[in-house]
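Have a look at this fold, sequence not included:
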Ligand code: PLP
């Protein structure tokens, strides 16, 4: 089948996630056919540097034969069996043990799911169940952050703070509140309306202000009603938002004053993205629960889970009776076998250390040179996550009018030039495979610069 034939069938039958169905029908899709290393290839013969690692997940890069082999062997041995009731199988057991060895020492249990969204659904049920078993059934409220992304199931969407998602599909899950995000460039520096009014104080004061907003929300709802605070170490889909250095220490101080569980959504930050096995380790946090997915299997097969700290696990185990929750594919043997092999490869190849000591700092050095560009108000990176803030007025950091959709323009140009960057409003973001080389980072930065130049030319 040729490209047009694929496009036609796609148009007629396929509803894509996070897509304007009608607009895509008019434009037609890019058909990605194969991939190797950090490059994807499309049906028209283009080779494109995938600086998003798919959807923040292909941490070991494309085409790893060891992962193919692990899946093939497991498919022959036992393609499916479940972990319900009193059964399990070797891949799920081995993966659970391997994960708990890598996790902070107080986390010794894992509940498997098929995805990050299912992991966060599981979190919601676990934290509410925990407090009920502790004799505090009123502790039902979960506090999350505005503009956060925690998945697309009804609970994931409700925990997430994305207003356009809340606006579709009817009521959200009750007793979930949102507090402000520590987004210095977008909300601190630019002021609420992004109006270019420079704040009187700097990012560190802003970070503390955001932590204070969490405390105010706990007080408003009443500590006796609040079950947990859920957040990503570094907000990914919200726009690669690196919190000011003051933020997490201040949040830790707030949480130490109240009896509220900390849930870290490690779906993006887990498995090396910030140069530690978990973003919580990078920020020196001790979460009660962590949601995981994506990089767990380098995205080769769908698998997620919830790592459960001893405090919560003990109550669920000792007093909980049957936990009436689970998915057909919880701990799927083939997905688990691939995840286990992925973790083994990451350890054998020192991938996490490489991000921390070598390739993360190199990305920072090269990526932040893009701050010189007239369109860029800020260039930031941490580990292997980066962002560029596109602005109309560099001096005052003033945004473009929304209807110009400059971020999407830059994203499309970038794709055409051979680089996958994603746009979140007018923030361009990257999250390349953790195996990316220095030469590939040079190419990435050169292509991003070319995309900025072309964007500026079209806006002129
Ligand atoms: N949590 C975070 C932080 C994510 O970025 C995502 C997906 O992008 C999810 C949860 C949902 O994961 P999934 O798409 O596997 O359901």
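Looks like it arrived, so ask away. Remember, predicted model here, so these are calculated numbers, not experimental data. Numbering: from 1, shown residues only.

Excluding chain neighbours, what is closest to the residue of the stretch 201-350 of the chain found nearest the ligand?
The ligand sits closest to residue 267 of the stretch 201-350 of the chain, with a gap of 3.6 Å, by Cβ to the nearest ligand atom. For glycine as for every other residue, the C-beta is placed from the backbone atoms N, C-alpha and C. In this structure, residue 267 finds its nearest non-sequential neighbour in residue 116, 3.8 Å apart by Cβ to Cβ, 6 or more residues apart in numbering.

these two touch, right, the one you found and residue 293?
Yes - between residue 116 and residue 293 there is a contact at 3.5 Å, judged by Cβ atoms under 8 Å.

continuing past the host helix or strand of residue 220, what's the next helix or strand?
Following DSSP states H and E, one finds residue 220 within helix 203-221. Of the helices and strands lying after helix 203-221 in sequence (DSSP H and E), the nearest is strand 226-231.

what mean pLDDT would you report for the helix or strand just after that following strand?
Proceeding C-terminally, strand 226-231 gives way to helix 247-257 as the next helix or strand, assigned by DSSP H and E. Helix 247-257 comes out with an average pLDDT of 98.

Can you give me the buried ones in helix 247-257?
247, 248, 250, 251, 254, 255 (16 or more other Cβ atoms under 10 Å).

Most widely separated two among those?
247 and 255 (12.5 Å; Cβ to Cβ).

Show me what from the protein comes close to the ligand.
55, 115-117, 120, 149-151, 232, 236-237, 265, 267-268, 293, 304 (Cβ under 6 Å from any ligand atom).

can we see that at 8 Å?
55-56, 114-120, 148-153, 156, 160, 232, 235-237, 265-269, 291, 293-294, 302, 304 (Cβ under 8 Å from any ligand atom).

helices or strands up against the host helix or strand of residue 290?
Assigned by DSSP H and E, residue 290 falls within strand 289-292. Using 3 or more Cβ pairs under 8 Å, 6 or more residues apart in numbering; DSSP states H and E as the contact test, the elements touching strand 289-292 are helix 116-133, strand 261-265, strand 304-309.

CSV please, covering the ones you listed and showing mean neighbour count.
As requested, the helices and strands packed on strand 289-292 are exported to CSV (neighbours: other Cβ atoms under 10 Å):
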stretch, mean neighbour count
helix 116-133, 24
strand 261-265, 26
strand 304-309, 26
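
In a markdown table: the ones you listed, plus distance to residue 46 and mean pLDDT.
Shown next, in a markdown table, are those (distance: least, Cβ to Cβ, whole Å; pLDDT from 0 to 100):
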| stretch | distance to residue 46 | mean pLDDT |
| --- | --- | --- |
| helix 116-133 | 29 | 98 |
| strand 261-265 | 34 | 98 |
| strand 304-309 | 31 | 98 |
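
Now distance to residue 201 too, for these, in a markdown table please.
Output for these, formatted as a markdown table (distance: least, Cβ to Cβ, whole Å):
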| stretch | distance to residue 201 |
| --- | --- |
| helix 116-133 | 33 |
| strand 261-265 | 26 |
| strand 304-309 | 35 |
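
Residue 38: which of those is closest?
helix 116-133 (22.4 Å).

and the closest one, how far from the chain's centre?
The chain centre lies 19 Å from the centre of helix 116-133; the measure is Cα atoms, centre = their mean, to the nearest Å.

Contacts for that helix next, please.
Around helix 116-133, the neighbours that count as contacts under Cβ atoms under 8 Å, 6 or more residues apart in numbering are 111, 113, 137-140, 142, 150-153, 155-156, 159, 173, 227-228, 230, 261, 263, 265, 267, 288-289, 291-294, 304-306, 308, 312, 315-316, 319-320, 323, 325, 327.

Would you mark the buried spots in stretch 334-354?
Neighbour counts over stretch 334-354 (16+ other Cβ under 10 Å) mark 334-343, 345-346, 351-352, 354 as buried.

So what touches it?
Residues outside stretch 334-354 that contact it (Cβ under 8 Å, 6+ apart): 59-60, 64, 66-67, 69-71, 73-75, 79-80, 89, 91-92, 94-95, 98-99, 102, 112, 114, 271-272, 275-277, 295-298, 300-303, 329, 434-435.

Just the residues you listed: which are in strands?
residue 112 (DSSP state E).

hmm, which of the contacts of stretch 334-354 are the buried ones?
59-60, 64, 67, 70-71, 74, 89, 91-92, 94-95, 98-99, 102, 112, 114, 271-272, 275-277, 295-298, 300-303, 329, 434-435.
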